[in-house]
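Participant: Model the following, please.
(one chain, ligands or ions: 2)
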Amino acid sequence: MLADNMDGRKSTGIPKLDDLIEGGIINDSIMMLEGDAGTGKSTMAVQYLLAGIKAGEKGVYVSVDESKKSLYRNMVRFGFNLEEYDNAGALLFHELKPHQMREFLDKGVLGIEEQLIAMKAQRLVLDSITAFALLYETDAKQRSAVHNLFDKIRNWGLTTLIIAESAEENHQFGLRYLVDGWIKLSRKKVGQERIRTIEVLKMRGTKHDTNEIVYRIEKNGINLYPSERMLGGDL
Ligand SMILES: Nc1ncnc2c1ncn2[C@@H]1O[C@H](COP(=O)(O)OP(=O)(O)O)[C@@H](O)[C@H]1O
Ligand SMILES: [Mg+2]
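Facilitator: Residues are numbered from 1 along each chain as shown. Ligands and ions are numbered 1, 2, ... in the order given. Next comes the predicted model:
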């Protein structure tokens, strides 16, 4: 499998999602993956890193929401053996406390930057940015922290997935304006049934699909079902 296709895009690890965005995420771009708890954000982020790893790219997962032990254990259920890739040096997991994340955002310390450069990582996941919003006293400080972070990420040449919990307007950090792309996961009630949908809300430099597409979390991870028509309905 090619992780990096001809026009400088990276596979998301989900073929039917790649189809919606001209083949994948533009190299070096910063994407926001938004959704409520339990919508599959971490699972999708792991699939994204694995697509790279399978093609020889290295990936880094920075987490404040879930411990390494918990994520690695949960991913085994989908047949994703993260321990093995970690041991082989293809995957690096950093578990940060929120105050350490602030240190990382403000000063880039903690040795993470050095490790990213040393291992020549190409894919980064930040899971999640939401908790950090509370660490800054003012909106202006939040925005400046995120600007710093984005500058660093762009310098490192990483293609990045930033996970955000859904929030009213999701205006923390003004992220939706700063990121290059924005994908949203939702749960909806249609009749008696709860369905999961994915939407591409923004994708710079890309002619993307704008429909809400049904997805399911199945035993091999997240799968999209573009042919299933949405019948409408609200949460
Ligand atoms: N083996 C599985 N088969 C089907 N669905 C699963 C399985 N394991 C977890 N899930 C679903 O995935 C959800 C958690 O996915 P996760 O990626 O951790 O979500 P998030 O990071 O958005 O909170 C669970 O709430 C559950 O609905
Ligand atoms: Mg999660």
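Participant: wait, doesn't Glu83 sit right on Leu71?
Facilitator: No - Glu83 lies out of contact with Leu71 (Cβ atoms under 8 Å); the separation is 10.7 Å. C-betas here are computed from N, CA, C, even on glycine.
Participant: what about the two, which has more around it?
Facilitator: Counted by other Cβ atoms under 10 Å, Glu83 and Leu71 do not tie: Leu71 has more neighbours, with 22 against 15.
Participant: got a list of what the more buried one touches?
Facilitator: Contact analysis of Leu71 by Cβ atoms under 8 Å, 6 or more residues apart in numbering lists Ser42, Val46, Tyr61, Ser63, Leu82, Phe93.
Participant: helix or strand right after the worst-scoring helix or strand of the chain on mean pLDDT?
Facilitator: Lowest on mean pLDDT, DSSP states H and E among the helices and strands of the chain sits helix 130-133, with a mean of 74. Remark: after helix 130-133, the chain's next helix or strand is helix 139-156, criterion DSSP states H and E.
Participant: If you count neighbours, what's buried in that next one?
Facilitator: Across helix 139-156, burial judged by 16 or more other Cβ atoms under 10 Å covers Gln142, Arg143, Ala145, Val146, Leu149, Phe150, Ile153, Trp156.
Participant: so who does the third one touch?
Facilitator: Put plainly, it is Ala145. Arg102, Leu105, Asp106, Phe132, Tyr136, Phe173 are the contacts of Ala145 under Cβ under 8 Å, 6+ apart.
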